[in-house]
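# Model the following, please.
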Amino acid sequence: EAAIEVTGLIPRGVMTMEDASAVLRQGLFLTVPHPRRAFQAFKTSMRTLFSEDNVQAVDTARRGTARFDEATKEARMFHSTLGGGLIDTEEVFVSRWLKRMPLVGPVYRASNRIYTTYLNELRHLVFDDTMRNWERTGDILTRGDMDKQAQGFGFEGIDDMKKLWQRGHAPKIGDTVKTTAGETQWVQEMDDLAGVEAKRYRAMRHLGAFINHASGRGSLPFAERNRLAQQVLSLVFFAPRFLTSQVQLIGDLAGTSNLARGRVVQDLVKGVGIGVILSTIAKESGLADVETDPISPDFGKIRVGKHRWNMWGGYQPMARHIAQALAGKGKQPGTDVVYDRERDKVILGYLRSKFNVAPGIAWDMKKGTDPLGRTVEATPEYIQTRLYESITPLFRQDLLDAIREEGVAVGGSRSLPGLFGVGSQSYMNEPEQFFEEVVKPGWSSNPRIKEALPELDPTKVLADQNDATRREFLVWWNNAQSDVRKSRKPTRFPYWQ
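Predicted coordinates for the structure are as follows:
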């Protein structure tokens, strides 16, 4: 247990605190389709920021609602507890050691309270709304109505009636069955009520599974109730349940209930549709650029200058890797350069990106490169970088990177969406970095190069990084630098003449 805490749970807990990422990352496909309920859940979660008592009060109030047992027992919808273990707690906040640490512990516990309360409340609000709507439209009967009908047949209620087929023997019309009032014959009306209850049960189970998956709570086949297996998965992967939930959410489109499938389709269409609309508005208005090629790392991201926002949570990397595996191609971000990729390496790269901290470092050391293609060596600089990444919250890392690249005002403000789970990164792609770090300084500081290249058009320079003329430009640039060092006049670059 100590090894799992130190190598897995503590780094993961530190990296995921100091934000409210559940809003637009884990809960993306519940938050976006249900904004009013999301705001209500977020407002409730903020009441728990500084108070352990408030989170207990919220939890107690929720457990006392009419549909709580229906949601958690019949629909099997997940309801997280703050003090539980791997099985009944949100997976990124299961460290027992971290919550007791000085300085870090209070921040970790506050992050846990917000995260847990938000997802619990949002799950229940969406479940209650959906069930209420189905009952209002007559798609399913209320439990009270079914109890009344079952009592008319001599049963105590619908649960008493359900015991007949839960024992493995479904009565047929004409069979003699035992009720509270005595023996009676199973008739068509009883059979109809059983069918109504079965429809309701299937819809609830499908709905409960969808809400779990749409809030980042996937099931773990063969490890659901096995603590040791879950510990191993939590050590190897950063968030195994969130990983499986992304696949299972798509599978909910093919669930057993037509009624619940309609809810799934509606919410997924709303979630994807709103994201597409926002991206289209940003691109067509000229306020930002949006990459539409699915094999590019920037696919679906909104980009302004050096800054990129990923509104698609963990689904963007999955879609991109699937596209790259199918095409056998990759694309350099910010350019039109397409290169070949081996399909098995695409799949392994995706799995590597989901590793926890310690297994990820071990994998990179063995392979010799990290997920970004950078050479990995056990140097003090590399160890210092990985240590920093392992003990610094992700939001803080992105914030500091943005400030470093774009300044306090611009970088800081552009990083704020990351506080709520929007992917937020600030960096230059390779052609931009080449222009800013090599071409622009050399051009501006040397009159002779200015004479040979009168107009420094970044559009042309960057465009040359995208096609065959890149090599021609680089050769000319190196020769020009050499000519200057040797006090010779550089030749004019012929491509732009």
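
# Next secondary structure after the longest helix that the chain contains?
Identified as the longest helix of the chain according to DSSP state H is helix 104-137. Once the chain leaves helix 104-137, the next helix or strand it forms, by DSSP states H and E, is helix 143-152.

# Buried residues in that following helix, which are they?
By 16 or more other Cβ atoms under 10 Å, the buried positions in helix 143-152 come out as 143, 146-147, 149-151. For every residue, glycine as well, the C-beta is placed using N, CA and C.

# tell me the angle of that helix relative to helix 104-137?
Angle, helix 143-152 to helix 104-137, by axes from the mean of the first three to the mean of the last three Cα atoms, to 10 degrees: 60 degrees.

# Check which helices and strands helix 143-152 sits against.
helix 158-166, helix 188-214 (3 or more Cβ pairs under 8 Å, 6 or more residues apart in numbering; DSSP states H and E).

# count of neighbours near residue 129?
Residue 129 is flanked by 13 other residues according to other Cβ atoms under 10 Å.

# Next: residue 342.
11.

# Counting neighbours, what do you get for residue 70?
17.

# coming back round to it: of all the helices and strands packed on helix 143-152, which lies closest to residue 385?
helix 188-214 (34.5 Å; Cβ to Cβ).

# rewinding a little: any chance of the buried residues of helix 143-152 in a markdown table, plus distance to residue 36?
As requested, those are exported to a markdown table (distance: Cβ to Cβ, whole Å):
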| residue | distance to residue 36 |
| --- | --- |
| 143 | 26 |
| 146 | 30 |
| 147 | 31 |
| 149 | 34 |
| 150 | 36 |
| 151 | 37 |
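
# Dump those residues into a markdown table; add pLDDT and distance to residue 320 as well.
Converted to a markdown table, the buried residues of helix 143-152 look like this (pLDDT from 0 to 100; distance: Cβ to Cβ, whole Å):
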| residue | pLDDT | distance to residue 320 |
| --- | --- | --- |
| 143 | 91 | 45 |
| 146 | 95 | 47 |
| 147 | 94 | 51 |
| 149 | 95 | 52 |
| 150 | 94 | 52 |
| 151 | 94 | 56 |
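
# Out of these, which comes closest to residue 417?
Using Cβ to Cβ, residue 143 comes nearest to residue 417 of the buried residues of helix 143-152, at 41.6 Å.

# measure residue 156 to residue 162 for me?
Separation of residue 156 from residue 162 (Cβ to Cβ, to the nearest Å) stands at 11 Å.

# These two: which has the busier surroundings?
Taking other Cβ under 10 Å, residue 156 and residue 162 do not tie; residue 162 has more neighbours (17 against 14).

# so the more buried one sits right up against residue 197, yeah?
Yes: using Cβ atoms under 8 Å, residue 162 is in contact with residue 197, at 6.5 Å.

# Can you list the buried residues in the longest helix of the chain?
For helix 104-137, a neighbour-count test (16+ other Cβ under 10 Å) marks 104, 108-128, 130-131, 134-135 as buried.

# contacting residues around residue 386?
For residue 386, the contacting residues are 357, 361, by Cβ atoms under 8 Å, 6 or more residues apart in numbering.

# Convert the helix or strand where it lies to CSV, retaining C-alpha atoms only.
For residue 386, the host element (DSSP H and E) is helix 380-390. In CSV, the C-alpha atoms belonging to helix 380-390 read as follows (Å, rounded to 0.1, in the frame of the first residue of the first chain):
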residue,chain,number,x,y,z
PRO,A,380,19.8,16.0,-13.4
GLU,A,381,17.7,18.3,-15.7
TYR,A,382,15.4,15.5,-16.8
ILE,A,383,15.0,14.3,-13.2
GLN,A,384,14.2,17.8,-12.0
THR,A,385,11.6,18.3,-14.8
ARG,A,386,9.8,15.1,-14.0
LEU,A,387,9.9,15.8,-10.3
TYR,A,388,8.4,19.2,-10.9
GLU,A,389,5.7,17.7,-13.1
SER,A,390,4.9,15.1,-10.5
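
# model confidence over it, on average?
Average pLDDT, helix 380-390: 85.

# next helix or strand past it?
Next along the chain after helix 380-390, taking DSSP H and E as the criterion, comes helix 394-406.

# For residue 116, give me the pLDDT.
pLDDT recorded at residue 116 is 96.

# Leaving aside the residues adjacent along the chain, what's closest to residue 255?
residue 206 (4.2 Å; Cβ to Cβ, 6 or more residues apart in numbering).

# And residue 230, by the same measure?
Of all residues not flanking residue 230 in the chain, residue 86 sits nearest, at 4.5 Å (Cβ to Cβ, 6+ apart).

# Dihedrals phi and psi, that neighbour?
Main-chain torsions, residue 86, degrees, to the nearest 10: phi -60, psi -30.

# So residue 424: helix, strand or coil?
Secondary structure, DSSP: H, G, I helix; E, B strand; the rest coil: residue 424 is strand.

# wait, it sits on residue 398?
Yes: if you go by Cβ under 8 Å, residue 424 and residue 398 touch, sitting 5.0 Å apart.

# Identify the contacts common to the two.
Residues touching both residue 424 and residue 398 (Cβ under 8 Å, 6+ apart) are 415, 418.

# residues making contact with stretch 285-300?
Applying Cβ under 8 Å, 6+ apart, the external contacts of stretch 285-300 come out as 275, 279-280, 282-283, 301-304, 308, 310-312, 316, 319-320, 323-324, 327, 329-334, 338.

# Return the set of buried residues in it.
Buried, per 16+ other Cβ under 10 Å, within stretch 285-300: 288, 290-291, 294-300.

# Could you find which two of those residues are furthest from each other?
Spatial extent of the buried residues of stretch 285-300 (Cβ to Cβ) is set by the pair 288 and 295 at 20.4 Å.

# could you measure residue 358 against residue 77, distance?
33 Å.

# Equivalent analysis for residue 17, please.
With distances taken as Cβ to Cβ, residue 17 is found 25 Å from residue 77.
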